[in-house]
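>>> following is a predicted model, sequence given first.
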Amino acid sequence: MSVETHKPDDIVGDVTVWLANEFSAKLSPVAVGAIVRATHRDLDGQIVREALGEMLHRLARHRIMRLVQVL
């Protein structure tokens, strides 16, 4: 995925699909999507636009991993 060629909505969708597939045994796609959207809101305007895709993926994945460890 090239961050420069994706709109923010595309990035959110791409990260959601990627993480929903990775964590399908633990969380529903709806739950993963909610975490990714919340993470995007937290990052929006806080980091440079070029890093948004990678940072969104890393932070959302970290948050999901913490959540599934508790479940």
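Perfect, I can see it now.

>>> low-confidence ranges, this structure, go.
Across the chain, residues meeting the criterion (pLDDT under 70) sit at 1-9.

>>> give me the most central residue, it.
residue 36 (3.7 Å; Cα atoms, centre = their mean).

>>> didn't that one look like it was pressed against residue 19?
Yes. Contact between residue 36 and residue 19 holds when scored by Cβ atoms under 8 Å: they sit 6.5 Å apart. Where you see a C-beta, it was placed from the backbone N, CA and C, and this is true even at glycine.

>>> for those two, list the residues in contact with both.
residue 60 (Cβ atoms under 8 Å, 6 or more residues apart in numbering).

>>> picking up where we left off before, who are the packing partners of the one helix or strand the residue nearest to the centre of the chain maps to?
Assigned by DSSP states H and E, residue 36 belongs to helix 29-43. Helices and strands touching helix 29-43, by 3 or more Cβ pairs under 8 Å, 6 or more residues apart in numbering; DSSP states H and E, are helix 8-22, helix 52-70.

>>> so which bits of it are buried?
32, 33, 35, 36, 39, 40, 43 (16 or more other Cβ atoms under 10 Å).

>>> can I get stretch 63-71 in CSV? Just the C-alpha atoms.
What follows is stretch 63-71, C-alpha atoms only, in CSV (Å, rounded to 0.1, in the frame of the first residue of the first chain):
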residue,chain,number,x,y,z
ARG,A,63,-4.7,-1.8,20.5
ILE,A,64,-6.4,-4.9,19.1
MET,A,65,-3.6,-7.2,20.4
ARG,A,66,-4.0,-5.7,23.9
LEU,A,67,-7.8,-6.2,23.7
VAL,A,68,-7.6,-9.8,22.6
GLN,A,69,-5.2,-10.6,25.4
VAL,A,70,-7.8,-9.5,27.9
LEU,A,71,-10.6,-11.5,26.3
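
>>> all set now, cheers.
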